[in-house]
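Novice: What follows is a predicted structure for the sequence shown.
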Amino acid sequence: MSMPYSASGAVPLRHDRGAGDTGPRITRIETFCTPVIGFVRVTSQDGAAGWGQVSTYSSDITCEILHRQVAPWALGRGMDALEDIIDEIPRREHKFPGTYLRRAMAGLDTAVWDWRGKQAQQPVAALLGGSAGPVRAYASSMRRDITPKAEAARMQQMRDRHGFDAFKVRVGAECGQDRDEWPGRTEEIIPTLRRAMGADAALLVDGNSGFSPARAIEVGRMLETEGFEHFEEPCPYWEQEQTAEVTRALSIDVAGGEQDCDLQHWKRMIANRAVDIIQPDVLYLGGMVRSMQVARMGAEAGLPCTPHAANLSLVTLFTMHLLRAVPMPGRYLEFSIEGPDYYPWQAGLFTRDPYDIIDGQAHVTDAPGWGIEIAPEWLAKSTYKCSELSQ
């Protein structure tokens with residue numbers, strides 16, 4: 001379909017290009033989606049294409065935003081102008097500052113990076129200044145509907161099958177206002193996991209915005225006693241001052257930032273040292289360009305980057321490449337242990353599984369771009385939409 005105007009109806013689609021915008025033009029942006037996941041294909045005027053992804057969950061809504069509020073600013077521009085386009089879209093769509101716009105921008109960004117990698121015959125990590133190679137991973141649970149004993153048993157299986165030496169579980173209740181998933185679960189799971197995994201295991205927990213500062217500090221003291229090393233999003237993420245209070249009170253590293261998609265908020269978070277570890281999510285934040293910006297800001301302040309990657313769509317592959325390139329990578333990659341039995345939508349996404357954990361490590365290959373192909377059978381069942389450059 002032809003799209004001559006932005007969604008606001010106020011600014012004509014520009015086809016003129018300035019300095020540094022001389023590469024092959026973006027002529028087509030296609031989406032293939034379900035309500036849970038959406039893939040993006042961006043094609044240049046010579047017919048070459050790259051694959052990316054919008055963020056998971058309500059992806060059908062996000063793909064519509066991609067066509068209406070992202071595609072008009074990208075069609076007709078050069079593939080070499082991605083950085084300028086990503087910088088420009090939030091200004092052009094300034095009345096829509098929230099997460100959906102950034103989730104849609106990520107689809108464009110990640111698809112162009114794949115295109116660039118294929119053209120250069122290099123992995124995206126190399127284009128970002130890094131290289132192919134291994135990334136230490138931690139086994140990350142997404143569940144709270146599980147007893148501490150059963151969770152510890154799952155982590156032991158992950159250790160024995162795949163060689164993980166770092167593990168993360170959930171404490172409290174998501175946005176729980178100091179409620180636990182059930183009474184006493186937090187107090188039980190912390191020592192249970194340490195006893196099960198042994199003294200040498202690296203242990204992490206995620207609070208998912210569940211605690212007030214006072215309760216978070218109380219839980220943090222338990223974690224310190226048991227030698228945990230990472231306390232993620234202890235307080236409501238939108239209450240930055242609460243998280244900063246917990247960070248100042250504890251010696252354990254406090255981590256956060258997965259939900260944050262506004263660069264100004266990131267600047268304040270880093271300047272105020274509200275956390276010890278920054279955790280951008282490539283797809284929530286708006287793609288690789290913006291994720292590298294945040295990682296560099298963190299590195300300048302001495303804060304390591306341990307990104308959020310909570311499922312086995314392409315977001316984990318993107319994060320692997322990111323960690324091979326950021327100036328101050330964190331200790332490990334988040335790697336979800338939840339398969340299609342828990343997330344049925346993860347089944348059959350790719351022609352080849354990119355997530356083979358060996359000795360606790362994921363591996364960025366030297367294949368061009370992302371080194372992955374979306375399964376044709378999955379694409380055939382998805383909802384398709386196309387935006388094309390007007391002639």
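Specialist: On my side now, so go ahead.

Novice: make it CA atoms for all contacts and neighbour counts henceforth
Specialist: OK.

Novice: buried set for the helix or strand hosting Gly107?
Specialist: Assessed by DSSP states H and E, Gly107 sits inside helix 99-120. Going by neighbour count (16 or more other C-alpha atoms under 10 Å), the buried part of helix 99-120 is 99-118.

Novice: where do the strands sit along the protein?
Specialist: Using DSSP state E, the strands of the chain run over 26-33, 38-44, 49-53, 133-140, 166-170, 202-206, 230-232, 253-256, 277-278, 333-336, 361-364, 383-388.

Novice: out of these, nearest to Pro183?
Specialist: Among these, strand 166-170 comes nearest to Pro183, with 14.1 Å by C-alpha to C-alpha.

Novice: Show the average pLDDT along stretch 60-74.
Specialist: For stretch 60-74, mean pLDDT is 98.

Novice: again but with stretch 152-164, I slipped
Specialist: Here the average pLDDT along stretch 152-164 is 98.

Novice: And for stretch 194-202?
Specialist: 98.

Novice: picking that back up, quick one, which of the strands of the chain is nearest to Ile372?
Specialist: strand 49-53 (8.6 Å).

Novice: Note down every partner strand of the closest one and its orientation.
Specialist: strand 38-44 (antiparallel) (DSSP bridges).

Novice: Show me the shaky parts of the stretch 1-150 of the chain.
Specialist: Counting by pLDDT under 70, the ranges of the stretch 1-150 of the chain that qualify are 1-20.

Novice: again, 90 this time
Specialist: Filtered on pLDDT under 90, the stretch 1-150 of the chain yields the residue ranges 1-23.

Novice: again, but for the stretch 251-391 of the chain
Specialist: Scanning the stretch 251-391 of the chain for pLDDT under 90 picks out the ranges 390-391.

Novice: try it again with 80
Specialist: Regions of the stretch 251-391 of the chain meeting the criterion pLDDT under 80 cover residues 391.

Novice: mind listing what the nearest residue to Gln242 once chain neighbours are set aside touches?
Specialist: Leaving aside its sequence neighbours, Gln242 sits nearest to Pro213 (C-alpha to C-alpha, 6 or more residues apart in numbering; 5.7 Å). Counting by C-alpha atoms under 8 Å, 6 or more residues apart in numbering, Pro213 makes contact with Pro234, Cys235, Gln242, Thr243, Glu245, Val246.

Novice: before we move on, the earlier item: so which of the strands of the chain comes closest to Thr147?
Specialist: Per C-alpha to C-alpha, nearest to Thr147 of the strands of the chain: strand 166-170, 10.9 Å.

Novice: Can you give me the buried ones in the closest one?
Specialist: Those would be Ala166, Phe167, Lys168, Val169, Arg170, for strand 166-170 by 16+ other C-alpha under 10 Å.

Novice: now do stretch 183-195
Specialist: Under the neighbour-count criterion of 16+ other C-alpha under 10 Å, stretch 183-195 has Arg185, Thr186, Glu187, Ile189, Ile190, Pro191, Thr192, Leu193, Arg194 buried.

Novice: before we move on, what about stretch 22-39?
Specialist: By 16+ other C-alpha under 10 Å, the buried positions in stretch 22-39 come out as 24-35, 37-39.

Novice: give me phi/psi at the residue nearest the centre of the chain?
Specialist: Note on the chain: the residue nearest the mean C-alpha position is Asp281, at 2.9 Å, using C-alpha atoms, centre = their mean. Here is the backbone geometry of Asp281 (degrees, to the nearest 10): phi -100, psi 120.

Novice: Distance of it relative to Ala295?
Specialist: From Asp281 across to Ala295, the span is 11 Å (C-alpha to C-alpha, to the nearest Å).

Novice: dump the residue contacts of Val289.
Specialist: Applying C-alpha under 8 Å, 6+ apart, the residues near Val289 are Glu83, Ile86, Asp109.

Novice: Can you spell out the domain ranges of this protein, please?
Specialist: Domain assignment of the chain by automatic domain parsing yields the ranges 26-121+376-388, 126-364.

Novice: Using a markdown table, lay out the ones you listed together with distance to Trp370.
Specialist: Putting these into a markdown table (distance: least, C-alpha to C-alpha, whole Å) gives the following:
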| stretch | distance to Trp370 |
| --- | --- |
| domain 26-121+376-388 | 6 |
| domain 126-364 | 7 |
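
Novice: wait, isn't the residue nearest to the centre of the chain in contact with Asp262?
Specialist: No: if you go by C-alpha atoms under 8 Å, Asp281 and Asp262 don't touch, sitting 11.9 Å apart.

Novice: burial count for Tyr343?
Specialist: Look at Tyr343: counted by other C-alpha atoms under 10 Å, it has 11 neighbours.

Novice: what separates it from Leu250, distance-wise?
Specialist: In terms of C-alpha to C-alpha, Tyr343 sits 35 Å off from Leu250.

Novice: Including distance to Leu285, could the strands of the chain go into TSV?
Specialist: Formatted as TSV, the strands of the chain follow (distance: least, C-alpha to C-alpha, whole Å):
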stretch	distance to Leu285
strand 26-33	19
strand 38-44	16
strand 49-53	13
strand 133-140	21
strand 166-170	23
strand 202-206	20
strand 230-232	18
strand 253-256	13
strand 277-278	13
strand 333-336	17
strand 361-364	22
strand 383-388	23
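
Novice: picking that back up, which residues touch the helix holding Gly107?
Specialist: The contact list for helix 99-120, computed with C-alpha under 8 Å, 6+ apart, reads 29, 39-42, 48-55, 62-63, 65-66, 69-70, 79, 82, 86, 90, 123-124, 127, 261, 282-289, 318, 368-370.
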